[in-house]
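Participant: Here is my input, please return the structure:
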Amino acid sequence: MKKATKKDKRRITVLIIVFVPLLGLFISNMFSYWSTIYSNIKEKKELEKAYKERLEEEELLKSEINKLQDEEYIARYAREKYLYSKDGEIIIKID
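Facilitator: Here you go, the predicted model:
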């Protein structure tokens, strides 16, 4: 086997001094990116959940709009919500 000379030892030392900090910098950047990706995935799931809720709310509002086109529904809604009555009708409120 060949014996390492002083020049070879110096070369290896310089390479270690250069590459170890670069490796540390690479690893720290990688963990930083991973945490950013993880938080983005978590935020995406929350936003998708909110989006589904908004779609359901939109469907409810559309059905309410369709119901409000019907005069019978409006009259029944007004009687129930605002205690309006028809002629000769008596309203008794029970909590």
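Participant: and stretch 63-79, how far apart are its ends?
Facilitator: Its start and end residues considered, stretch 63-79 measures 20 Å (CA to CA, to the nearest Å).
Participant: Could you pull out the buried residues of it?
Facilitator: Buried residues in stretch 63-79, defined by neighbour count with 16 or more other CB atoms under 10 Å: none. C-betas here are computed from N, CA, C, even on glycine.
Participant: for stretch 24-33, same thing?
Facilitator: Result for stretch 24-33 [16+ other CB under 10 Å]: no buried residues.
Participant: Put the alpha carbons of that stretch into PDB.
Facilitator: The C-alpha coordinates for stretch 24-33 follow below in PDB (Å, rounded to 0.1, in the frame of the first residue of the first chain):
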ATOM      1  CA  GLY A  24     -24.400  20.800   6.500                       C
ATOM      2  CA  LEU A  25     -25.800  23.700   4.500                       C
ATOM      3  CA  PHE A  26     -27.500  21.300   2.000                       C
ATOM      4  CA  ILE A  27     -29.100  19.300   4.800                       C
ATOM      5  CA  SER A  28     -30.400  22.400   6.600                       C
ATOM      6  CA  ASN A  29     -31.900  23.700   3.400                       C
ATOM      7  CA  MET A  30     -33.500  20.400   2.700                       C
ATOM      8  CA  PHE A  31     -35.200  20.400   6.100                       C
ATOM      9  CA  SER A  32     -36.300  23.900   5.500                       C
ATOM     10  CA  TYR A  33     -37.900  23.000   2.200                       C
END
